[in-house]
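J.: Coordinates for the following, if possible.
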Amino acid sequence: MSEMVKHSMQKKWVAMAALALVCGAAAAQSSVTVYGNVDLGLLWQNNAAPTVSTTQVYNGGIAPSIWGFRGSEDLGNGLKANFNLESHFSADTGASVGPLFRRQANIGLSSASLGTLTLGTMYSPAVLAFAATDPRGLRENFSGLYSWAYNSGVLAGPNTNSDVGVFLHNAISYSNTVGPVNLALGYSVAENNPVGPTGGAVLALGASYAGPVSLSAAYQATNRANTSERLSAVYSVGAGYTLGALTGKLNYLRGTNKDAAGSEVSNVEVVGLGLDWKLASNNTVIAAVYYGRDKNADTNKTTSFILSDEYALSKRTTLYATLAYVDADANANLLTTIVAGGTSANTNATLLNVGIKHSF
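T.: Numbering: from 1, shown residues only. Below you'll find the model as predicted:
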């Protein structure tokens with residue numbers, strides 16, 4: 001083989017090696033992940049209506065059935081670009097729940113030292129802080145998730161920028177974590193578009209402290225569309241403490257709603273108390289009680305007792321069983337419940353949900 005041919009081949013190998021290194025570096029700097037949950041089970045309830053019991057294949061016993069994409073690119077100097085697209089679906093029917101990327105459709109920049117700035121559709125920073133001390137960690141059913149959602153203007157008159165109080169549309173948020181403390185602020189812009197859908201402004205604030213002692217505070221205020229008039233306000237404070245295999249949580253939530261004339265139509269407070277007992281590394285029993293009442297309606301009260309067991313077959317697959325007993329007063333409604341869809345007023349109801357969740 002001539003020296004010229006050898007030299008040419010060496011140059012090709014060097015070029016290929018350099019290209020491989022560049023491609024490897026690019027792959028290390030940019031990533032996209034497909035993720036999601038599928039959660040299905042059977043839900044039985046007595047007294048779903050007077051003297052009527054129901055059984056259904058139930059979607060989302062402990063987690064929502066979702067799928068999505070998230071990714072990031074390393075821009076250097078500790079700065080990253082991020083995006084997240086997240087969709088909600090009913091696994092029992094395959095139907096999409098709301099718009100395709102109802103839950104998240106956002107882009108942002110993050111820095112380990114400067115925090116994260118995000119624009120688009122996203123989880124409310126307030127509800128994420130609330131989750132830290134909710135007795136059932138905002139499980140998809142039988143948790144404070146519904147106390148928060150139903151008292152966030154959903155029943156008084158929806159604001160399209162606040163999707164059940166959990167997701168913010170047309171929003172910008174900033175969050176930063178310093179040691180065990182996380183602080184976050186979100187704001188949905190009232191675009192007041194004269195030729196298209198509009199939503200009122202939403203302000204969301206969240207703060208949490210993580211450790212053996214956990215603390216949280218959250219506040220969210222929602223305005224009516226095209227006005228600066230307040231539709232609803234909800235806030236929460238809570239604490240938790242972990243000692244060995246036991247974790248106790250206590251949370252207080254307060255929510256007010258107004259009608260179109262600006263008069264207060266509800267003033268609800270919900271107290272939740274719970275205890276997590278880690279029987280083994282893969283098995284957790286959760287006991288919780290919630291008491292909700294509307295101070296503007298004496299007979300709108302609901303007391304709920306929940307006992308559940310979650311057994312992880314692997315890091316991705318969990319079997320669960322949840323038993324709930326709900327005592328609803330004469331005029332109890334969704335504002336005081338922690339059950340998706342509520343239960344019949346002036347009735348005691350027992351609900352049993354057994355299912356499986358798989359994450360991917």
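J.: helix, strand or coil for the residue lying closest to residue 131 once chain neighbours are set aside?
T.: Spatially, and ignoring its direct neighbours in sequence, residue 131 is nearest to residue 138 (4.3 Å; Cβ to Cβ, 6 or more residues apart in numbering). Any C-beta I mention is one placed from the backbone N, CA and C, and that applies to glycine too. Under DSSP: H, G, I helix; E, B strand; the rest coil, the three-state class of residue 138 is coil.
J.: Tell me how many other residues crowd residue 138.
T.: 19 (other Cβ atoms under 10 Å).
J.: after whatever helix or strand residue 146 lives in comes which helix or strand?
T.: Per DSSP states H and E: residue 146 is located in helix 145-149. Next along the chain after helix 145-149, taking DSSP H and E as the criterion, comes strand 162-163.
J.: Could you list the paired strands of that next one along with their orientation?
T.: strand 167-178 (antiparallel) (DSSP bridges).
J.: Distance from the strand it pairs with to the middle of the chain?
T.: The chain centroid and the centroid of strand 167-178 are separated by 13 Å under Cα atoms, centre = their mean, to the nearest Å.
J.: Can you list the residue ranges for helices in this protein?
T.: Along the chain, counting by DSSP state H, helices occupy 3-29, 125-131, 145-149.
J.: what comes up buried for the second one?
T.: To tie it back to what came earlier, the one meant is helix 125-131. Residues of helix 125-131 classed as buried by neighbour count (16 or more other Cβ atoms under 10 Å): 125-131.
J.: Need these in CSV (columns: pLDDT and distance to residue 212).
T.: CSV is the format used below for the buried residues of helix 125-131 (pLDDT from 0 to 100; distance: Cβ to Cβ, whole Å):
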residue, pLDDT, distance to residue 212
125, 98, 24
126, 98, 24
127, 98, 24
128, 98, 21
129, 98, 18
130, 98, 20
131, 97, 18
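J.: which pair in the residues you listed spans the largest distance?
T.: Maximum pairwise distance among the buried residues of helix 125-131 (Cβ to Cβ): 10.9 Å, between 125 and 131.
J.: what's the helix holding residue 146 packed up against?
T.: Packing partners of helix 145-149 (3 or more Cβ pairs under 8 Å, 6 or more residues apart in numbering; DSSP states H and E): strand 246-258, strand 264-280.
J.: Which stretch among the ones you listed is buried most, on average?
T.: strand 246-258 (a mean of 20; mean count of other Cβ atoms under 10 Å).
J.: The residue nearest to residue 131 and residue 189: what is the separation?
T.: According to Cβ to Cβ, to the nearest Å, residue 138 and residue 189 sit 26 Å apart.
J.: What of residue 113?
T.: Distance from residue 113 to residue 189, by Cβ to Cβ: 27 Å.
J.: Between these two, which has more neighbouring residues?
T.: A count of neighbours by other Cβ under 10 Å puts residue 189 above the other of residue 113 and residue 189, at 16 against 8.
J.: ok, the more buried one touching residue 172?
T.: Yes: using Cβ atoms under 8 Å, residue 189 is in contact with residue 172, at 7.3 Å.
J.: Fine by me, thanks again.
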